[in-house]
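Chemist: need a 3D model of the sequence below.
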Amino acid sequence: MPLDKLEGVELPAAADMHVHLRENEMMELVTPMIRRGGVNTVFVMPNLVPPITTVAHCLAYKKQLQELAPDVTFLMSLYLHPHISPATVKEAKQAGITGIKSYPHGVTTHSDHGVMSYEQFYPVFEEMERQDMVLNLHGELPPSQGQDITVLNAEESFLPTLKDLHRRFPNLRIILEHCTSAAAIQAVKECGPTVAATITAHHPFLIVDDWAGDPHCFCKPVAKLPSDRRAILKTLISGDPKFFFGTDSAPHPAQTKRADRFAAGVFTQPHAVGYVVDALEQGIETGVLTEEDVTKEKLQGFLCDFGRRFYKVQDERQEKISLQRRKEVVEEVLRSEDGKVEVVPFRRGKMTWEAKWL
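Modeler: Residues are numbered from 1 along each chain as shown. Sure, this is the predicted structure:
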């Protein structure tokens, strides 16, 4: 096997800088699975119903999560909304909230309250810059027949907005979340050191044909062309600190993924680190990467170090994981104890690597 050299390799616990943990029964099911994936630090998305737009709501949510997974560090965020003001930013910073997440209106799950125009938020961004908070961007424009914008070019169409925000607020730390295209990767590289990007656990596997035939591979932004997947794989293992791990693990009840209009989101939490190694192995098998491209140092940078460095956090627990080949397959479905909630994990039925806690 092409990556046998990683068998038994020890790494610091991974930091997953983009997770959806939902609410109620789904939250109770998926939150304890964070550590199963080899992760002990997560940046939590705020697109609940209603969205998290106040410090009080955010802290109450964090308390719920900590009760479910006390050995995980939860970095919290607010949802960019007209209710957010410069005063909210100051309050959030004092309360230890890490960032503010922007969703364009209507492009993905629970984005009904999303941004129509960024101009009204310039005072908020100025205060975020002063307070050294992170702006997390879902980088897509809404579909537009008049402008020929579809799911396939919505991310690329957003990139001028990213560059404009960076130009206006050069000291604001900005993350372009879940890069799916070669164009997005290049745009991030062209920006200054305050702009970075996350790469998910699933996009290194996928192209448009995959989600077009399988609702459990459908997410926003959608996977795109083989050339984009190649760019993602090469960037993941490039050692460039601008790019780091953010699974965008997004669980949905199984029935909503089977419906006529299926929900956008791929669930990767239980096998987060393993999927990354699987993707690199697949990249070697298809000739996109070589075994020499994959080193412990570069893998550790992507999974463990670069995200924490950009967010200016440390792993106070100093925990370690060991990479191990699994002899089991990814579950077909995961259920709550009472059977009321079912969620289907990514690459169900496939074998995957395991992150074993030391």
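Chemist: after the helix or strand bottoming out on mean pLDDT in the chain, which helix or strand is next?
Modeler: The weakest-scoring helix or strand in the chain, judged by mean pLDDT, DSSP states H and E, is helix 254-258 (a mean of 78). Once helix 254-258 ends, the next helix or strand along the chain (criterion: DSSP states H and E) is helix 272-285.
Chemist: what helices or strands is the next helix or strand after that next one leaning on?
Modeler: For helix 272-285, the following helix or strand on the C-terminal side (DSSP H and E) is helix 296-300. Contact analysis of helix 296-300 by 3 or more CB pairs under 8 Å, 6 or more residues apart in numbering; DSSP states H and E lists strand 10-12, helix 272-285 as its packing neighbours. Quick note: C-beta positions are derived from backbone N, CA and C, even for glycine.
Chemist: show me how far the last one is from its chain's centre.
Modeler: In other words, helix 272-285. Computed by CA atoms, centre = their mean, to the nearest Å, the chain-centroid distance of helix 272-285 equals 17 Å.
Chemist: which outside residues touch that helix?
Modeler: Helix 272-285 is contacted from outside by 1-3, 6, 14, 16, 37-39, 201-202, 204-205, 233, 236-237, 245, 247, 249, 268, 289-291, 293-294, 299, 302-303, 321, 323, 326, 346-347, 350, 352-355, using CB atoms under 8 Å, 6 or more residues apart in numbering.
Chemist: same thing but at 7 Å, please
Modeler: The list of residues contacting helix 272-285 from outside it, by CB atoms under 7 Å, 6 or more residues apart in numbering, reads 2-3, 6, 14, 16, 37-39, 201, 204-205, 233, 237, 247, 249, 268, 289-291, 294, 303, 321, 323, 346-347, 352-355.
Chemist: so which bits of that helix are buried?
Modeler: For helix 272-285, the neighbour count (16 or more other CB atoms under 10 Å) marks 272-284 as buried.
Chemist: can you put those residues in TSV and add distance to Met128 and pLDDT?
Modeler: As requested, these are exported to TSV (distance: CB to CB, whole Å; pLDDT from 0 to 100):
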residue	distance to Met128	pLDDT
Ala272	28	97
Val273	31	97
Gly274	35	96
Tyr275	32	97
Val276	30	97
Val277	35	96
Asp278	36	96
Ala279	33	97
Leu280	35	97
Glu281	39	95
Gln282	38	95
Gly283	36	97
Ile284	41	96
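Chemist: could I get the residues you listed in CSV, plus columns for distance to Tyr118?
Modeler: Listed next are those as CSV, based on distance: CB to CB, whole Å:
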residue, distance to Tyr118
Ala272, 31
Val273, 35
Gly274, 37
Tyr275, 33
Val276, 32
Val277, 37
Asp278, 37
Ala279, 33
Leu280, 36
Glu281, 40
Gln282, 37
Gly283, 36
Ile284, 41
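Chemist: can you tell me which of those residues lies nearest to Asn24?
Modeler: Checking these against Asn24 with CB to CB, the nearest one is Ala272 at 22.4 Å.
Chemist: chain neighbours aside, what residue packs nearest to that closest one?
Modeler: In space, Ala272 comes closest to Gly37 once its chain neighbours are excluded; the distance is 3.2 Å by CB to CB, 6 or more residues apart in numbering.
Chemist: please apply the same query to Leu172.
Modeler: Glu129 is the one closest to Leu172 (CB to CB, 6+ apart), at 4.4 Å.
Chemist: wait, a helix at that neighbour?
Modeler: Yes. Assigned with DSSP: H, G, I helix; E, B strand; the rest coil, Glu129 falls within a helix.
Chemist: residues near it, how many?
Modeler: If you count neighbours by other CB atoms under 10 Å, Glu129 ends up with 18.
Chemist: from what I can see it touches Phe169, true?
Modeler: Yes. Because the distance of 5.3 Å satisfies CB atoms under 7 Å, Glu129 is recorded as touching Phe169.
Chemist: quick one on the thing from earlier: among the contacts of helix 272-285, name the buried ones.
Modeler: Counted by 16+ other CB under 10 Å, these give 3, 6, 14, 16, 37-39, 201, 204-205, 233, 237, 247, 249, 268, 289, 294, 303, 321, 323, 346-347, 352-355 as buried.
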